[in-house]
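In: quick one, fold the following:
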Amino acid sequence: MSIKELKNKDFLTPKELEREFGISTNKQYKMRMRKHYNQENSIPFIKLGKTILYRRSDIESWLNKNTINKRFEYEQ
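Out: A predicted model of the protein is given here:
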């Protein structure tokens, strides 16, 4: 399976994540680095070589888990 085959509606690139969810690519980078420092709430991501991808369902779950006002939730 190639990286191009993975880029579909189930996966997002950093730019697509920024466009759809409003999380800047700079902020994404900082949140990905949390994983290396064993901090909670690091953003879930997949790294294939130099390519970063986000599974849409993982991002929606992560956002729901970290939502303070539970009246608003992303549909899964």
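In: can you pull the buried residues of the helix or strand harbouring Glu60?
Out: According to DSSP states H and E, Glu60 maps onto helix 56-65. Applying a neighbour-count criterion of 16 or more other C-beta atoms under 10 Å, one finds 56, 58-59, 62 buried in helix 56-65. Quick note: C-beta positions are derived from backbone N, CA and C, even for glycine.
In: excluding covalently adjacent residues, which one is nearest to Asn41?
Out: Leaving aside its sequence neighbours, Asn41 sits nearest to Asn66 (C-beta to C-beta, 6 or more residues apart in numbering; 5.9 Å).
In: surely the one you found touches Ser42?
Out: No - under the criterion of C-beta atoms under 8 Å, Asn66 makes no contact with Ser42, lying 10.8 Å away.
In: neighbour-wise, which of these two wins?
Out: Neighbours were counted for Asn66 and for Ser42 using other C-beta atoms under 10 Å; Ser42 has more, 16 against 10.
In: where does that one land in three-state SS?
Out: Judged by DSSP: H, G, I helix; E, B strand; the rest coil, the three-state class of Ser42 is coil.
In: that one and Arg34, how far apart?
Out: 4 Å (C-beta to C-beta, to the nearest Å).
In: ditto for Pro44
Out: 11 Å.
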